Each structure stands twice: as C-alpha cells, then as structure tokens.
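[1] fold the following and give me the result.
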Amino acid sequence: MIDFIHAHSTRLYTIAAAALALVAYFVDGLPTGLILALVAAILGTGEAVQRVEDRKTVKALHREPPVAS
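    Numbers count the residues shown, from 1 in each chain. Sure thing, here's the model as predicted:
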C-alpha cells in the first residue's frame, strides 16, 4: 500500500483536493473554520507530495540512461 501511495501521490492528492472542493461547494451549512482547516491540511499534504516528487526526480537524474538497442 505504501508503494502505491508513493507511486501515485500526485494523483491521490488531486483527488483529495477535488473532493474537498466539491464538498465545500455542495454541502450547505459547513462551518467556515472546518473548511479552512481542511484547506490548510490539503496545502500541507501538497507540500509533502512535492517533496516525494522531488525525491523521485533526483533519483531518476542519478540513474544511467537506458542503452538503445
């Protein structure tokens, strides 16, 4: 499961952000504090996703390129 999350962290983050936007739009009467707390959490998650993607990029840059056959 951790490998799946690591491999697809950007996609999962996008789904969570879209779901939050849909809930905030369609559910009437949500407290503003709750929405702001969820937005802050989603932004923090975005930072974590960015760090995961940066590590994958650095790892790919240090690999030898594939040899054409």
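[2] what's near enough to touch the residue positioned nearest the centre of the chain?
    The centroid of the chain falls nearest to residue 13 when counting by Cα atoms, centre = their mean (2.8 Å). Residues counted as contacts of residue 13 (Cβ atoms under 8 Å, 6 or more residues apart in numbering) are 42, 45-46, 49. Just so you know, the C-beta spots here come from the backbone N, C-alpha and C atoms, and that holds for glycine as well.
[3] of those residues, buried ones?
    Taking 16 or more other Cβ atoms under 10 Å as the criterion, what is buried in those is residue 49.
[4] now pLDDT, distance to residue 7 and secondary structure too, for the contacts of residue 13, in TSV please.
    Conversion of those to TSV gives the following (pLDDT from 0 to 100; distance: Cβ to Cβ, whole Å; DSSP: H, G, I helix; E, B strand; the rest coil):
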residue	pLDDT	distance to residue 7	secondary structure
42	88	20	helix
45	87	16	helix
46	87	17	helix
49	87	12	helix
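[5] out of the contacts of residue 13, flag the one nearest to residue 8.
    Taking Cβ to Cβ as the measure, residue 8 sits nearest to residue 49 out of the contacts of residue 13, at 10.2 Å.
[6] what about the strands in this structure?
    Along the chain, no stretch is classed among the strands by DSSP state E.
[7] in the chain, which spans are helices?
    Chain-ordered helices for the chain, with DSSP state H as the definition, fall at 2-7, 9-26, 32-61.
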